[in-house]
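Chemist: Just the structure for this:
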Amino acid sequence: MMVKAVVWDIGRVLIQFDLAGIYAEAIPDPAERTRFVAEVVTEEWHSQHDEGVPFAEMVAARTAEFPQHAAHIALYASNWLASLPGPVPGTPELVERLAARGVPQYAITNFGADSWALFRPTFPVLDHMRDIVISAVERLTKPDPAIFRLAARRFGRTPETMLFIDDNPANIASAQALGWQVHHFTGDWRALEAQLQALGLL
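Modeler: You can find the predicted model right below:
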């Protein structure tokens with residue numbers, strides 16, 4: 001069947017994501033900053049937020065575990081937007097071009113509710129999405145097949161008619177196993193552009 005819709009991941013596909021950015025000013029030494037996000041405010045710990053745990057609960061629990069880092073842990077919530085330094089080069093422009101052609105677009109994202117409330121107003125390119133499935137809201141995270149089944153129902157489309165774009169190989173494999181068309185995004189927007197053109201979407 002022909003691909004008739006495009007489904008985007010958001011973090012590291014449309015918007016850059018780097019937890020260390022939260023601490024660019026608070027921890028000016030790059031080596032110390034890298035160590036902090038490897039040991040205290042880590043991506044593994046952050047994944048709880050994508051699963052639905054709110055900022056306040058996470059910060060309280062981590063502060064109890066690392067009381068000597070209380071001030072820096074608090075910045076995880078208060079300075080969250082600094083982890084999203086700007087658009088991924090090229091991909092927001094592809095969203096705009098697809099929208100100009102009337103191609104239906106959607107998103108499936110692992111994102112926390114608190115961080116989404118901060119981020120969403122800053123990124124108007126997402127206005128082109130007809131629907132966005134957010135992990136914290138659904139209490140389902142990629143690569144769980146259940147989130148892809150939910151998205152297909154929500155979007156009202158069969159998997160084989162949608163192109164799913166993600167930077168995470170596990171997410172790509174999960175979607176592909178369910179019949180979705182996929183593009184593993186590695187930072188090369190021109191490769192994505194070429195696939196969209198080959199599918200007749202651009």
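Chemist: okay, CA-based contacts and neighbour counts for the rest of this
Modeler: Will do.
Chemist: host element of Ala170?
Modeler: When secondary structure is defined using DSSP states H and E, the element that contains Ala170 is helix 169-177.
Chemist: Can you name the secondary structure element that comes next after that helix?
Modeler: strand 181-184.
Chemist: That next one - contacts with which helices or strands?
Modeler: Using 3 or more C-alpha pairs under 8 Å, 6 or more residues apart in numbering; DSSP states H and E, the elements in contact with strand 181-184 are strand 162-166, helix 169-177.
Chemist: Throw those into CSV and include mean neighbour count, mean pLDDT and distance to Gly187, thanks.
Modeler: Below are the helices and strands packed on strand 181-184 laid out as CSV (neighbours: other C-alpha atoms under 10 Å; pLDDT from 0 to 100; distance: least, C-alpha to C-alpha, whole Å):
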stretch, mean neighbour count, mean pLDDT, distance to Gly187
strand 162-166, 24, 98, 10
helix 169-177, 18, 98, 13
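Chemist: Can I get the ones you listed in JSON lines including distance to Val95?
Modeler: Shown next, in JSON lines, are the helices and strands packed on strand 181-184 (distance: least, C-alpha to C-alpha, whole Å):
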{"stretch": "strand 162-166", "distance to Val95": "12"}
{"stretch": "helix 169-177", "distance to Val95": "19"}
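Chemist: tell me the SS of the residue lying farthest from the centre of the chain?
Modeler: Computed with C-alpha atoms, centre = their mean, the residue of the chain farthest from its C-alpha average is Gln68, at 30.5 Å. For Gln68, the assignment made with DSSP: H, G, I helix; E, B strand; the rest coil gives helix.
Chemist: How much space separates it from Val40?
Modeler: As judged by C-alpha to C-alpha, to the nearest Å, Gln68 and Val40 stand 11 Å apart.
Chemist: ok, back up a step: packing partners for the helix holding Ala170?
Modeler: helix 145-155, strand 162-166, strand 181-184.
Chemist: That helix: how far from the chain's middle?
Modeler: Centroid separation between helix 169-177 and its chain, computed with C-alpha atoms, centre = their mean, to the nearest Å, is 15 Å.
Chemist: got the angle for it vs helix 145-155?
Modeler: If you take axes from the mean of the first three to the mean of the last three C-alpha atoms, to 10 degrees, helix 169-177 sits at 60 degrees to helix 145-155.
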